[in-house]
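In: The sequence isn't on hand, but the structure is:
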């Protein structure tokens, strides 16, 4: 039997008895590629119960090849130089390739061309460092389609700490990759909706923003005329002219600041987190919404915690949250006027708490659970997206947003943000 298997280069399994030990042994031999055309690798194990049974060896025979071929993973064994010595049946069935076509460096033929260079370089670096290797790569299926796999390899060392083999597995992660791509698509869709909401909001405020920009420009023109008059005196009144020039600079800076705030809202760019002071964002919104509030006889007031710690956050996204909440408060007091209060606090648990309170008619109790749902609105001209987008932004920062209301006494929107 052993002679026939050698000639055919097939796996051999059998049992025998060692005369010196009088113990039954089970053996499995596998052909493997090496410097010679073929070598044979042998695995053996003692049989419990001694003698082999009539119809084969005992039930606890350790057929390693069958185990490796049956486990739900693609298994490889590589030489120290990275070339493959052995691949299990899973590899051959998945790729539809023959054993001899994949061993040595043949495995590269089933790796996606866009992944091969990166994968090979990182695999080489891991071998050089002698450290476990893990990577994600696309592998060609038997039908020609490429799917994502997670490949892990670990080294086997001898008594001199030299690497003699690398053993690895490959697991199918195609569904996980597709889920990640879907999440990214939804994230991009959410970002696009947020951008549309910002542009729509600024469009609704166009008249107020135009007036807000016109004020410092008109003041700068007045100061420039005064400056020219002081310089036209004989002798020129340089002191008064300088004072007028300083006012021009201040008014110009204020107009530029308003324009910059508007541009940041219109700009469409991926989320970018940086270390920011959220009290500064509140102050920016006060400048941007000043004219809108004045238009409806609304006073905006702040109670800001002086030592508020800076946090990693997306500035434009949080500007959008404050604008949505503050505009909602202003619109709730359009007919009655009143006070809009914006506050910041540092809670004992280290969370930052922000509140926007108005003195409007409050929120309907029966709709408290729905106000943060998309397309749900209490305003006749509302899109129902502002609060839904605000909730999404706050939750993406690890925080929580909620509302409180007493009929006839206004509404308060609270949200928290973690400091770490």
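Out: Cool, the structure landed. Owing to the predicted nature of the structure, the values given are computational and were not obtained by experimental measurement.
In: Doesn't residue 299 belong to a strand?
Out: Yes - counting by DSSP: H, G, I helix; E, B strand; the rest coil, one finds residue 299 located in a strand.
In: distance of it from residue 329?
Out: Residue 299 sits 12 Å away from residue 329, going by C-beta to C-beta, to the nearest Å. Just so you know, the C-beta spots here come from the backbone N, C-alpha and C atoms, and that holds for glycine as well.
In: the more surrounded of these two?
Out: Ranked by neighbour count (other C-beta atoms under 10 Å), residue 299 and residue 329 place residue 329 first, with 27 against 12.
In: one step back: list the residues that contact both of residue 299 and residue 329?
Out: The contact sets of residue 299 and residue 329 overlap at residue 340 (C-beta atoms under 8 Å, 6 or more residues apart in numbering).
In: Now do stretch 242-260: everything it contacts.
Out: The contact list for stretch 242-260 (C-beta under 8 Å, 6+ apart) reads 209, 212-213, 216-217, 219-220, 223-224, 226-227, 230, 287-288.
In: For stretch 288-296, buried residues please.
Out: Neighbour-count burial for stretch 288-296 flags 288, 289, 290, 291, 292, 293 (criterion: 16 or more other C-beta atoms under 10 Å).
In: quick revisit: which member of the contacts of stretch 242-260 is positioned nearest residue 181?
Out: residue 288 (36.6 Å; C-beta to C-beta).
In: how about the buried residues of stretch 288-296 in TSV, adding pLDDT and secondary structure?
Out: Below are these laid out as TSV (pLDDT from 0 to 100; DSSP: H, G, I helix; E, B strand; the rest coil):
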residue	pLDDT	secondary structure
288	76	helix
289	81	helix
290	80	helix
291	75	helix
292	78	helix
293	84	helix
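In: Quick check: closest non-adjacent residue to residue 132.
Out: residue 154 (4.8 Å; C-beta to C-beta, 6 or more residues apart in numbering).
In: In terms of helix, strand or coil, where does residue 143 fall?
Out: coil.
In: Torsion angles phi and psi at it?
Out: Phi and psi for residue 143, reported as degrees, to the nearest 10, are phi -90, psi 10.
In: Tally up the residues packed near it, please.
Out: Residues lying near residue 143 (other C-beta under 10 Å) number 6.
In: got the phi/psi numbers for the residue lying closest to it once chain neighbours are set aside?
Out: Leaving aside its chain neighbours, residue 143 sits nearest to residue 96 (7.9 Å; criterion: C-beta to C-beta, 6+ apart). The phi and psi values for residue 96, taken as degrees, to the nearest 10, are phi 70, psi 20.
In: Pretty sure residue 96 sits against residue 142.
Out: Yes - between residue 96 and residue 142 there is a contact under C-beta atoms under 8 Å: 3.0 Å.
In: re the thing from before, make CSV out of the buried residues of stretch 288-296 and add distance to residue 126.
Out: CSV is the format used below for these (distance: C-beta to C-beta, whole Å):
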residue, distance to residue 126
288, 52
289, 55
290, 59
291, 61
292, 59
293, 61
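In: quick one: average confidence on the top strand by length along the chain?
Out: Longest strand of the chain, by residue count under DSSP state E: strand 146-157. Per-residue pLDDT values over strand 146-157 give a mean of 89.
In: buried ones in the following helix or strand past that strand?
Out: Note on strand 146-157: by DSSP states H and E, the next helix or strand toward the C-terminus is strand 163-172. For strand 163-172, burial by neighbour count (16+ other C-beta under 10 Å) applies to 165, 166, 168, 169, 170, 172.
In: quick one: strands adjacent to strand 163-172?
Out: Strand 163-172 pairs in its sheet with strand 74-78 (antiparallel), strand 146-157 (antiparallel), by DSSP bridges.
In: Identify all contacting residues around it.
Out: Under C-beta under 8 Å, 6+ apart, the answer for strand 163-172 is 73-80, 82, 85, 91, 127, 130, 133, 139, 147-158.
In: With stretch 330-343 instead?
Out: Applying C-beta under 8 Å, 6+ apart, the set of residues contacting stretch 330-343 from outside is 282, 285-286, 289, 292-293, 296-304, 322, 326, 329, 354-361, 379, 410-411.
In: What subset of the residues you listed is buried?
Out: Buried among those (16+ other C-beta under 10 Å): 282, 285-286, 289, 292-293, 298, 300, 304, 322, 326, 329, 354-361, 410-411.
In: In helices only, show me the contacts of stretch 330-343.
Out: Members of the contacts of stretch 330-343 lying in helices (criterion: DSSP state H): 282, 285, 286, 289, 292, 293, 322, 326, 329.
In: Might you list the low-confidence residue ranges for the stretch 301-420 of the chain?
Out: Across the stretch 301-420 of the chain, the ranges flagged by pLDDT under 70 are 366-370, 372-385, 406-408.
In: so which of the strands paired with strand 163-172 is the most packed in?
Out: Greatest average neighbour count among these goes to strand 74-78 (a mean of 21), per mean count of other C-beta atoms under 10 Å.
In: Next SSE downstream of that strand?
Out: strand 84-87.
In: List the buried residues for that next one?
Out: Buried residues in strand 84-87, counted by 16+ other C-beta under 10 Å: 84, 85, 86, 87.
In: ok now do the last one, which residues does it touch?
Out: Just to be clear, that refers to residue 87. Residue 87 makes contact with 74, 75, 76, 77, 99, 102, 103, 107, according to C-beta under 8 Å, 6+ apart.
In: could those go into TSV alongside distance to residue 246 and pLDDT?
Out: Output for those, formatted as TSV (distance: C-beta to C-beta, whole Å; pLDDT from 0 to 100):
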residue	distance to residue 246	pLDDT
74	74	84
75	77	85
76	75	83
77	79	83
99	84	75
102	78	75
103	81	76
107	73	81
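In: Show me which of those is closest to residue 176.
Out: Using C-beta to C-beta, residue 74 is the member of the contacts of residue 87 that lies nearest residue 176, at 16.3 Å.
In: How much space separates the closest one from residue 126?
Out: From residue 74 across to residue 126, the span is 18 Å (C-beta to C-beta).
In: ok, now how distant is residue 341 from residue 144?
Out: For residue 341, the distance to residue 144 - C-beta to C-beta - is 64 Å.
In: What of residue 371?
Out: When distance is defined by C-beta to C-beta, residue 371 is 51 Å away from residue 144.
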